[in-house]
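Asker: Make a model of this:
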Amino acid sequence: REHAPRVWQWVRREVHGTSTDDYIMSMRAGGHAQERKFSEAKGGGFFFFSTDKRYIVKTLDGEEHRTLLQILPAYCRYM
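Answerer: This next block holds a predicted model:
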C-alpha cells in the first residue's frame, strides 16, 4: 500500500527531477525482485532497493505511518 502517492510523485518530479516513468523503470528494472534488507532500527520493517540502487522504499508500521502523515505538509514546504 502506498502512503500519499501524489505527494511522493511531486517530490520525485519537482524536487529531484525524476519522472514517474523513470521511477517505475528503476523499480522494475530487468523484471527482477528488488533487494530487500531488514532494518535493525527501532521501528524495524524492510527496505527495498531498486535494482539500479537509485531508490529506497521502506515499509511502515502504524505509528510510522501516522507520524509520516503528520509531518508530510511541513516536509513538502521545506523541500
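
Asker: For residue 4, what are phi and psi?
Answerer: Residue 4 adopts backbone torsions of phi 60, psi 50, taken as degrees, to the nearest 10.

Asker: Now it. Nearest residue, chain neighbours left out?
Answerer: residue 72 (6.0 Å; Cβ to Cβ, 6 or more residues apart in numbering). (C-beta placed from N, C-alpha, C; glycine too.)

Asker: Confirm that the one you found sits in a helix.
Answerer: Yes: residue state for residue 72 (DSSP: H, G, I helix; E, B strand; the rest coil) corresponds to a helix.

Asker: number of nearby residues for it?
Answerer: 15 (other Cβ atoms under 10 Å).

Asker: measure it to residue 5 for me?
Answerer: 12 Å (Cβ to Cβ, to the nearest Å).

Asker: One more: residue 12?
Answerer: Counting by Cβ to Cβ, the gap from residue 12 to residue 5 is 10 Å.

Asker: For the two, indicate the residue with more neighbours.
Answerer: residue 12 (16 against 10).

Asker: In terms of helix, strand or coil, where does that one fall?
Answerer: Recorded secondary structure, residue 12: helix (three-state DSSP).

Asker: That one touches residue 24, doesn't it?
Answerer: No: counting by Cβ atoms under 8 Å, residue 12 stays clear of residue 24, with 10.5 Å between them.

Asker: show me where the protein has strands.
Answerer: If DSSP state E is used as the criterion, the strands of the chain fall at 35-38, 46-49, 56-58.

Asker: Counting neighbours, what do you get for the nearest residue to residue 59 once chain neighbours are set aside?
Answerer: Among residues not flanking residue 59 along the chain, residue 45 sits closest, at 4.1 Å (Cβ to Cβ, 6+ apart). Other residues near residue 45 number 12, with proximity taken as other Cβ under 10 Å.
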